[in-house]
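> Generate coordinates for the sequence data below:
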Amino acid sequence: MSTPRSAGRAAKPKTARERQEEQMREEQLKEIRTAFDLIDTDGSGSIDYKELKIAMRALGFDPSKDELKKMIADVDTDKSGTIEFPEFVEMMTAKMDQKDSKEDIMKAFKLFDTDNTDKITFWNLQKVSQELGENITDEELQEMIEYADRDGSGAVDFNEFFRIMKRSQAGYDPLEDSDSE
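Now for the predicted structure:
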């Protein structure tokens, strides 16, 4: 009977990106633990609706009453009406990832909003495309603006930009669909 060869091998070294992601997860976990412990003043290991609201605010969120109830229902596997630390970690990790995503999209928006007007205009797109050496016609740039411009202002505000970016992150390619919603 032979033994598996891999049993004696050392684990594959982590890449710099893997180490960075692990460090970020560890930092997130410490931040979540700190917030949880601050709220769990009796040391019971669980927090209720009111405590959750305080914890969310401490982490930079302002959820509505309905959002809080849904958050508890989504992770409260034992239906105790309270959230234990592992449930809190699951919930907050997802929320923090959403927050990071929105911050990243805001950074991208600011790269296009070259004149700091909180709008992306045809002229902003034209300038950025030229700086990047992209060969995009004026007609194509105008189509981009018109596609994203939901309020008919002739420019793209952050909410419109955010909507388009979230759709592209979900695998939707707006260029494949010429129908606007």
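> on contacts alone, who are the packing partners of the longest helix along the chain?
In the chain, taking DSSP state H as the definition, the longest helix is helix 85-112. Under the contact definition 3 or more Cβ pairs under 8 Å, 6 or more residues apart in numbering; DSSP states H and E, helix 85-112 sits against helix 16-39, helix 49-58, helix 65-75, helix 122-131, helix 158-169. Placement of C-beta: from N, CA and C, glycine included.
> In that helix, which of the residues would be classed as buried?
Of all the residues in helix 85-112, those buried under the rule 16 or more other Cβ atoms under 10 Å are 87-89, 91-92, 95-96, 105, 109, 112.
> How far away from the center of its chain is it?
Put simply, helix 85-112 sits 3 Å off its chain's centre (Cα atoms, centre = their mean, to the nearest Å).
> Stretch 156-168 too?
Worked out by Cα atoms, centre = their mean, stretch 156-168 lies 13 Å from the chain centre.
> Just the CA coordinates for that stretch, please, in PDB.
Listed next in PDB are the C-alpha coordinates belonging to stretch 156-168 (Å, rounded to 0.1, in the frame of the first residue of the first chain):
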ATOM      1  CA  VAL A 156     -24.200  61.000 -16.500                       C
ATOM      2  CA  ASP A 157     -24.400  61.600 -12.700                       C
ATOM      3  CA  PHE A 158     -23.000  59.200 -10.100                       C
ATOM      4  CA  ASN A 159     -26.100  57.200  -9.700                       C
ATOM      5  CA  GLU A 160     -26.400  56.600 -13.400                       C
ATOM      6  CA  PHE A 161     -22.700  55.700 -13.600                       C
ATOM      7  CA  PHE A 162     -23.100  53.400 -10.600                       C
ATOM      8  CA  ARG A 163     -26.000  51.600 -12.200                       C
ATOM      9  CA  ILE A 164     -24.100  50.900 -15.400                       C
ATOM     10  CA  MET A 165     -21.000  49.800 -13.600                       C
ATOM     11  CA  LYS A 166     -22.900  47.400 -11.400                       C
ATOM     12  CA  ARG A 167     -24.600  45.900 -14.400                       C
ATOM     13  CA  SER A 168     -21.200  45.400 -16.100                       C
END
